[in-house]
Structure formats: structure tokens, C-alpha cells
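Novice: kindly generate the corresponding structure for this input.
(one chain, ligands or ions: 1)
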Amino acid sequence: MLGWLPEDVSPYGAEIDSLFYFIYYLTAAAFIVVTALMLIFLFVYRDRGDRRAAYTHGNTPLEIIWTIIPAMVFIGLGLASTSLWEDIKLVPPDTNTVVKVTGKQFNWEILYPGPDGEFDTADDKQADNDIRVPAGEPIRVILASRDVIHSFFLPNLRFKQDTVPGREIIGWFQANKPGRYEIPCAELCGFGHSGMVGWLYALAPDEYQAWVDEQWPPPPSAAPEATAAAPDMPDAPEAAATDAAPDMTEAAQTTTE
Ligand SMILES: [Cu+2]
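Specialist: Numbering: from 1, shown residues only. Model (predicted):
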């Protein structure tokens with residue numbers, strides 16, 4: 001049963017799947033018990049013309065039992081989910097690989113920071129719908145949206161996070177196995193939603209390095225170590241900050257006026 005779950009290649013997928021199975025089987029058991037009881041009562045207490053319905057005010061011990069048991073189950077599930085959430089989401093592992101993904105109607109816009117590791121610099125590279133990352137390493141992803149709420153979903157990596165206009169949400173994922181994994185949008189975002197799909201290419205280390213060298217060719221004479229450290233652009237973040245500042249004061253003025 002549940003063979004329809006996509007292959008799990010994530011370091012935390014097994015724990016998420018166990019919780020999912022637990023909730024699934026618990027719900028299935030509750031459904032079967034309730035349905036069976038309903039059918040039994042329908043049959044046992046059917047109208048046979050030989051007795052009148054009795055009025056009852058209820059049964060306090062029974063009501064206490066069927067309130068407390070589900071309450072304990074829900075509290076238990078809440079605690080289990082919260083601790084798993086904290087383990088996965090609140091302590092992201094250190095990584096050098098960062099990618100920015102911006103959802104827009106109707107594709108995923110991918111931004112790589114380039115060898116300097118900084119966004120909004122000259123060596124940034126943009127792509128649509130294709131993400132290339134090294135397999136076996138944690139990847140930090142910065143999620144944003146240009147228009148409406150989308151949901152960045154990596155079923156095989158058990159990662160799913162809404163992208164919300166006006167916010168940058170940071171997450172992380174890891175593909176333990178090289179491969180090509182689908183990135184559907186999991187939030188109905190408009191007419192072209194069903195066609196909004198990208199692909200994550202988790203590459204083996206040598207393949208990934210080859211792709212990096214192709215995208216950001218090292219200068220012929222320079223040593224590879226020197227190129228990684230060289231492009232130093234201290235002005236860029238400040239420029240971005242001053243660009244953003246006037247907009248905010250204008251917005252503040254217009255709202256107060
Ligand atoms: Cu969508």
C-alpha cells in the first residue's frame with residue numbers, strides 16, 4: 001500500500017513518510033470503524049414495526065471517552081509534527097550552494113549567484129525552470145514570487161514551500177541520488193498553473209563541476225582558486241539598499257498623507 005508515493009531521495013524523507021503513513025493509517029482505521037458501526041446500527045436498529053424509538057439525553061462517560069481519545073491523538077500528532085518540523089526547518093545545514101527561485105505566472109525563474117556567492121552581481125546567471133545542483137549536498141533555496149502565491153514542490157525530495165509575494169522564504173533540500181526530479185507548482189496560481197513545471201537536475205560532483213566551468217569559465221591564465229575569490233564587489237549590496245530606501249520613504253509618506 002502507498003506504493004504511489006514518489007521515490008524518496010531526501011535525507012529527511014523517511015521521517016516525513018513515517019508520519020504521513022501513521023496519519024494515513026489512523027485516518028483509514030477511523031473511517032473503517034465509523035463506517036462499520038454506522039452500517040451495523042442501520043441494520044440492528046432498523047424499523048421493524050414492533051417498537052418505539054426511545055429518547056436519550058446522552059451518555060456522559062462515553063462522551064468524555066470519545067472526546068479525550070481524539071484530543072490525545074491530535075496533541076500527539078501535533079507534538080510529533082512540530083519536533084520533526086523543527087529538526088528539518090529550523091536548523092538548516094551549512095552549505096555553499098545557494099539558488100534563488102522566483103515563481104511567476106507561469107514558470108520558475110532560477111537565479112544562480114555565480115562564483116562570488118552573492119546575488120545582484122555581474123556574474124549572476126538566470127535560467128527558466130531548470131535548476132542544476134550537486135547531488136549529495138545540502139542546497140539552500142531562497143523562494144520569492146513575482147505575482148501570486150505559488151508553491152515550490154519537490155516531491156522526490158519531500159520539500160514543499162509556498163512562494164509568497166513580498167517575502168523571501170529560505171529553505172533547504174538535498175538530493176541523495178543524482179537524477180532529474182520534477183518541480184510542479186503545487187498552488188493553483190492561475191490559468192496556466194497545470195503547465196507550470198520545472199526540473200531539478202541533481203548532478204554527480206564531476207558533472208556538476210563541468211557544468212559550473214561551462215557556465216562560468218575560469219579566465220585562461222588564472223588559477224581556479226584565484227577566480228573563486230577574485231570578483232569582489234563591495235558596492236553592490238549598498239547600491240541595492242539605497243535603491244530600495246527611497247521607495248520605502250515615499251510609500252511611508254503617501255500612506256501618512
Ligand atoms: Cu501554480
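
Novice: please, which helix or strand holds residue 27?
Specialist: Residue 27 is part of helix 13-44, with elements assigned from DSSP states H and E.

Novice: which strands and helices lie in contact with that helix?
Specialist: In this structure, helix 13-44 makes packing contacts with helix 60-85, judged by 3 or more CB pairs under 8 Å, 6 or more residues apart in numbering; DSSP states H and E. Just so you know, the C-beta spots here come from the backbone N, C-alpha and C atoms, and that holds for glycine as well.

Novice: who's in contact with residue 92?
Specialist: 138, 140, 170-172 (CB atoms under 8 Å, 6 or more residues apart in numbering).

Novice: which one (most neighbours) among these?
Specialist: Among the contacts of residue 92, residue 172 has the most neighbours (other CB atoms under 10 Å), with 21 neighbours.

Novice: surely residue 203 and residue 178 touch.
Specialist: Yes: with contact taken as CB atoms under 8 Å, residue 203 and residue 178 are classed as touching, separated by 6.0 Å.

Novice: so what sits against both of those two?
Specialist: Contact criterion CB under 8 Å, 6+ apart; residues shared by residue 203 and residue 178: residue 135.

Novice: more neighbours: which of these two?
Specialist: Remark: of residue 203 and residue 178, residue 203 carries more neighbours, 20 against 16, as counted by other CB under 10 Å.

Novice: check contacts around the more buried one.
Specialist: Residues counted as contacts of residue 203 (CB under 8 Å, 6+ apart) are 132-135, 178, 211.

Novice: and residue 144, what are its bridge partners?
Specialist: For residue 144, the beta-bridge assignment (DSSP bridges) gives partners residue 102.

Novice: mind listing what it touches?
Specialist: For residue 144, the contacting residues are 100-103, 163, 167-169, by CB under 8 Å, 6+ apart.

Novice: now, which of the residues you listed sits nearest residue 199?
Specialist: Of all the contacts of residue 144, the one sitting nearest residue 199 is residue 101; the distance, using CB to CB, is 12.4 Å.

Novice: what's the neighbour count on the closest one?
Specialist: Every residue meeting other CB under 10 Å relative to residue 101 is counted, giving 22.

Novice: same check on the one 4 residues further on?
Specialist: Look at residue 105: counted by other CB under 10 Å, it has 16 neighbours.

Novice: got the confidence number for it?
Specialist: The confidence metric pLDDT takes the value 91 at residue 105.
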